[in-house]
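> coords please:
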Amino acid sequence: MCSDPALLRLVLHPVVDVAAGRVAGYEVLSRFGSPVPTEEWFRAARALGRDADLDRVVLAAALERLPDLPPGTFLTVNASPTSLADPEVMAVLLAQDLTGVVLELTEHADCDPRDLVGPLTLLRARGALIALDDVGTGHSGLLRMAVVRPEILKVDLQLVRGLHQDLVKRSLVQFLGECAGRLDAWIIAEGVETADELEVLRGMGVPLVQGFLLARPGDDFAPLSAEAARLLNHPQVPGAVPAHARHAGDLARRTKTSRSVSGAVQAVQAESAPVVVVDAEDVPRVIVLPGQRPGERPRVEPVEVTLAPETPVSAVAARAVARPVPVRYDPLVCTDPAGRYVGVVGFEDVVLDLAAPTPAALASAHRVPWTVGAVGA
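Down below sits the predicted model:
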């Protein structure tokens, strides 16, 4: 295979945003045109000490699909963590802009997580996000999670399969979701094959899922099918999220944005409303807040924690109060799966929503109107 990359065939498996009802990203999977299962090829490569060579071939082919990636989606490519010690593998990855790429670290190989810090820093500097595959199994344990600080956690299908009938599995998935929240990471549930599993995951606030129920791997960047869209729009299982359940996206308000801190500070001084500083990809980096007392200068805070729009309001509250005291009551920043700015969620809105969670009560809550748009500076 390493001497003849033409034997390799790649397919694309959609990752679905259950709230938005659209494809959020595509995972690149390998196929070798052989009755031997794909995993056996990688297992044989590891046994022969050629796993980095195989990863290099697959990564080079997978990244060739990047120019065709649909706007607003990400491309997930897999690699063994031990392969990141290989200069040729790193050269393939660092040879291009990795914006929109998620590097998924597989769970099969053991390594000291601290050895990953250097390579992952370089990859993040090129724009890549990092995912841990099959969290909870293999070598994707809690220590690796703590050191790698992934942007995405993928829940192994063994935890997803049948979780609607298994309290322990549901508890473990909930635990991983809470870990993802504390890490400012997204969570993807793999192997969703039944409507029961989908609805339970949706009810738990899992934002992204992957599985044959909604989409199978294919040769192209396919959109969500009409049947999958129907499943997402019409929950079939009692216990799904109630219609009145609220999420961060329901409370998020788009504020003015700026490309510079100085421009944001000027806008805040003029209008006494928050302004978010975003980069060229519309990813929030800094939030500038009005001074708390008359005459105080605006406060500049880095955006270190973001929310998914699908985050339940109760989880938003838990994350807010887990922050250090000086910033505990600041607005929280909400982003889409690609990390782009969606809006901010005010702490006071969270409290009001928890106190009066029905739509009618929420509509009656006083919400300060913020001016939206972009700051020129």
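> for Leu54, grab phi and psi.
phi -70, psi -40 (degrees, to the nearest 10).
> give me the pLDDT for it.
On the pLDDT scale, Leu54 is placed at 91.
> what about the nearest residue to it once chain neighbours are set aside, how many neighbours?
Excluding the flanking residues, the one nearest Leu54 by C-beta to C-beta, 6 or more residues apart in numbering is Ala45, at 4.3 Å. Any C-beta I mention is one placed from the backbone N, CA and C, and that applies to glycine too. By other C-beta atoms under 10 Å, 19 other residues sit near Ala45.
> and the host helix or strand of Ala45, what's buried?
Per DSSP states H and E, Ala45 falls inside helix 38-47. The neighbour-count check on helix 38-47 (16 or more other C-beta atoms under 10 Å) flags Trp41, Phe42, Ala45, Arg46 as buried.
> and Val173, how far is that from Leu163?
The gap separating Val173 from Leu163 is 6 Å, by C-beta to C-beta, to the nearest Å.
> give me the common contacts of the two.
Common neighbours of Val173 and Leu163 are listed as Leu201 (criterion: C-beta atoms under 8 Å, 6 or more residues apart in numbering).
> tell me who's in contact with Ser225.
Per C-beta under 8 Å, 6+ apart, neighbours of Ser225: Leu214, Ala215.
> what number of residues lie near Ala322?
Neighbours of Ala322 (other C-beta under 10 Å): 11.
> swap that for Phe221, sorry
15.
> next, give phi and psi for it.
Dihedral angles (degrees, to the nearest 10) for Phe221: phi -80, psi 80.
> what's the closest non-adjacent residue to it?
Going by C-beta to C-beta, 6+ apart, Phe221 has Pro70 as its nearest residue, at 5.3 Å.
> so who does the one you found touch?
Shown in contact with Pro70 (C-beta under 8 Å, 6+ apart): Val23, Phe221, Pro223.
> how far away is it from Pro217?
Distance from Pro70 to Pro217, by C-beta to C-beta: 16 Å.
> what does stretch 130-137 contact?
For stretch 130-137, the surrounding residues in contact (C-beta under 8 Å, 6+ apart) are 76, 78, 102-107, 120, 123-124, 140, 144-145, 148-156, 158-159, 172, 176, 188, 190.
> what's the spacing between the residue nearest the centre of the chain and Gly205?
By C-alpha atoms, centre = their mean, the chain has its centre lying nearest to Trp186, at 3.3 Å. Trp186 is 11 Å from Gly205, where distance means C-beta to C-beta.
> and Leu153, that's in a helix?
No: counting by DSSP: H, G, I helix; E, B strand; the rest coil, Leu153 is not part of a helix but strand.
> in the longest helix seen in the chain, what's buried?
Secondary structure of the chain per DSSP state H: the longest helix is helix 167-182. For helix 167-182, burial by neighbour count (16+ other C-beta under 10 Å) applies to Lys169, Arg170, Leu172, Val173, Leu176, Gly177, Cys179, Ala180, Gly181.
> among these, which two are most distant?
Lys169 and Gly181 (18.9 Å; C-beta to C-beta).
> work out the gap between stretch 299-306 and the centre of the chain.
Relative to its chain's centre, stretch 299-306 lies at 18 Å (C-alpha atoms, centre = their mean, to the nearest Å).
> which residues sit against that stretch?
Here stretch 299-306 has contacts from 184, 261, 264-265, 276, 284-292, 319, 323, 327, 330, 332-335, 339, using C-beta under 8 Å, 6+ apart.
> now Pro14, what's its secondary structure?
With three-state DSSP as the criterion, Pro14 reads strand.
> which residues touch it?
Pro14 sits next to Val23, Gly25, Tyr26, Glu27, Gln210, Leu214, Ala215, Ala222, Leu224 when contact means C-beta under 8 Å, 6+ apart.
> between whichever helix or strand the third one is part of and helix 38-47, how many degrees?
Under DSSP H and E, the secondary-structure element containing Tyr26 is strand 22-31. Between strand 22-31 and helix 38-47, the angle formed by their directions is 60 degrees, by axes from the mean of the first three to the mean of the last three C-alpha atoms, to 10 degrees.
> all numbers from here: first residue = 55
Renumbered: residue one is now 55, and that last one reads strand 76-85.
> partner strands of strand 76-85, parallel or antiparallel?
strand 63-71 (antiparallel), strand 128-133 (parallel) (DSSP bridges).
> what stretches of the stretch 255-404 of the chain score poorly on pLDDT?
Applying pLDDT under 70 to the stretch 255-404 of the chain flags the ranges 288-299, 391.
> how about the buried residues of helix 221-236 in TSV, adding pLDDT and distance to Pro352?
TSV is the format used below for the buried residues of helix 221-236 (pLDDT from 0 to 100; distance: C-beta to C-beta, whole Å):
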residue	pLDDT	distance to Pro352
Lys223	88	47
Arg224	89	44
Leu226	88	43
Val227	90	40
Leu230	88	37
Gly231	85	34
Cys233	84	33
Ala234	84	31
Gly235	77	28
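> nearest residue to Leu252 other than its sequence neighbours?
Val246 (5.4 Å).
> tell me which two in the contacts of Pro68 are the farthest apart.
For the contacts of Pro68, with distances taken as C-beta to C-beta, the pair at the greatest spread is Glu81 and Leu278 (14.9 Å).
> quick one, helices of the stretch 55-204 of the chain?
92-101, 105-117, 141-148, 171-179, 196-202 (DSSP state H, counting those that start in this stretch).
> cool, thanks, signing off.
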